[in-house]
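# only geometry, no sequence info:
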């Protein structure tokens, strides 16, 4: 007796599908995730995707905040536990922040790994001549801004809270891990 086996084909969808209780989108094509994460106990399951905006701020590590911005904006994409952020800040008045560190705050999710760090893509008129500028996790809600002085090879310095005067521009793209 000879048996005939059905040929399996790769599944395809003409529209969207919803996972984790999410309603499939009415337009376009793709996968819809629920508004709140539907956590899986299987570490190999992608159970969260989100895009959104956030409002970055520059604060002092002791007290105070930059008091006025010409503009500030941020976007993020969260895939699983990793958050990819972009932000742009233009300070118009910086009377107020104090402390040993200038902090980037307002992150869309808390930082899980306080050993995290990243680079800053653009930095202007913060009163230092920097060869490179980066971010170092300060605590679970903020990054401290660090820089390597032009001409230095390895020594990095934290930007002090009083550093941003009127007019500096700051743009960054960075990734960090969150616990949610």
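Okay, I see it. Keep in mind the model is a prediction, meaning the values are calculated, not measured. Numbers count the residues shown, from 1 in each chain.

# For residue 81, see how far away the closest residue to residue 102 other than its chain neighbours is.
Once flanking residues are discounted, residue 102 sits nearest to residue 159: 4.2 Å by C-beta to C-beta, 6 or more residues apart in numbering. C-beta coordinates here come from the backbone N, C-alpha and C atoms, glycine included. Counting by C-beta to C-beta, to the nearest Å, the separation of residue 159 from residue 81 is 28 Å.

# Compare neighbour counts for those two and give me the winner.
A count of neighbours by other C-beta atoms under 10 Å puts residue 159 above the other of residue 159 and residue 81, at 22 against 16.

# can you count the residues close to the residue nearest to residue 114 when sequence neighbours are not counted?
Distances taken as C-beta to C-beta, 6+ apart put residue 137 closest to residue 114, at 4.4 Å, once the chain neighbours are dropped. By the measure other C-beta under 10 Å, the count of residues near residue 137 is 19.

# Same check on the one 3 residues further on?
Counted with other C-beta under 10 Å, residues neighbouring residue 140 total 14.

# Equivalent analysis for residue 135, please.
Neighbour count for residue 135, taken as other C-beta under 10 Å: 21.

# can you list contacts of the helix or strand harbouring residue 143?
Applying DSSP states H and E as the criterion places residue 143 in strand 142-149. Under the criterion C-beta atoms under 8 Å, 6 or more residues apart in numbering, residues 59, 61, 101-105, 107, 111, 116-118, 120, 123, 128-138, 154-159, 174 lie in contact with strand 142-149.

# next one: stretch 50-57
33, 65-66, 72-78, 85, 87, 89, 104-108.

# if I look at the residue nearest to residue 114, how far off is residue 31?
Distance from residue 137 to residue 31, by C-beta to C-beta: 31 Å.

# same check, this time on residue 177
Separation of residue 177 from residue 31 (C-beta to C-beta) stands at 22 Å.

# and whatever helix or strand comes next after the strand holding residue 143, which strands flank it?
Note on strand 142-149: by DSSP H and E, the next helix or strand toward the C-terminus is strand 156-158. Using DSSP bridges, strand 156-158 pairs in its sheet with strand 142-149 (antiparallel).

# avg pLDDT for the partner strand?
For strand 142-149, mean pLDDT rounds to 81.

# For that strand, buried residues please.
By neighbour count with 16 or more other C-beta atoms under 10 Å, strand 142-149 contains the buried residues 142, 143, 144, 145, 146, 147, 148.

# could you check the distance from the fifth one over to residue 68?
If you measure residue 146 against residue 68 using C-beta to C-beta, the figure is 25 Å.
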